[in-house]
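Q: Prediction below, plus the sequence it came from.
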Amino acid sequence: MKKIFTLCLFVFGLFLATNTANAQQKFSAEINNAAQAKTAEIGRIVKAYEPTQELMFVAYQEFYSKSETLNNSFEVGTSEYNTFSKKINDRLSLQLKEILNDEQYAKFLEISNQ
């Protein structure tokens, strides 16, 4: 009886941990679509290969997720909004600088007007 009870607790704990891990990795369909479109657009322009585009996709997912949270949390035009918006853009730029080579990153900067 003691073993069955322990096994049930273990399975229940595993079930909770799995659902929590899955919930943290999911982005909305809008975020995924926007990230995919932007990745395809920038990847085509800078001529990035598939592994590079996969890393770009993750960076754009984070960017669009944080931008959505920012838009829901602050009113556009406030100083807090501008501060966090700059941080989000800087983070994306830093991530893409790490992902892309120098030539590709220079093209990215040209098209993004930075």
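A: Alright, I've got the coordinates. Source: prediction; values computed, not measured.

Q: okay, CA-based contacts and neighbour counts for the rest of this
A: OK.

Q: got the contact list for residue 39?
A: The neighbours of residue 39, taking C-alpha atoms under 8 Å, 6 or more residues apart in numbering as the test, are 53, 56, 57, 60.

Q: Distance from the helix or strand the first one falls within to the middle of the chain?
A: Secondary-structure assignment from DSSP states H and E places residue 53 in helix 50-73. Put simply, helix 50-73 sits 3 Å off its chain's centre (C-alpha atoms, centre = their mean, to the nearest Å).

Q: if I pick the residue nearest to the spatial centre of the chain, what's in contact with it?
A: Taking C-alpha atoms, centre = their mean as the criterion, residue 62 is the residue nearest the geometric centre of the chain, at 1.9 Å. Shown here is residue 62, which makes no contacts under the criterion C-alpha under 8 Å, 6+ apart.

Q: Residue 97 too?
A: Listed by C-alpha under 8 Å, 6+ apart, the contact set of residue 97 reads residue 105.

Q: State the distance from residue 91 to residue 81.
A: Here the distance between residue 91 and residue 81 works out to 15 Å (C-alpha to C-alpha, to the nearest Å).

Q: same thing with residue 46?
A: Shown here: residue 46 relative to residue 81, a distance of 30 Å by C-alpha to C-alpha.
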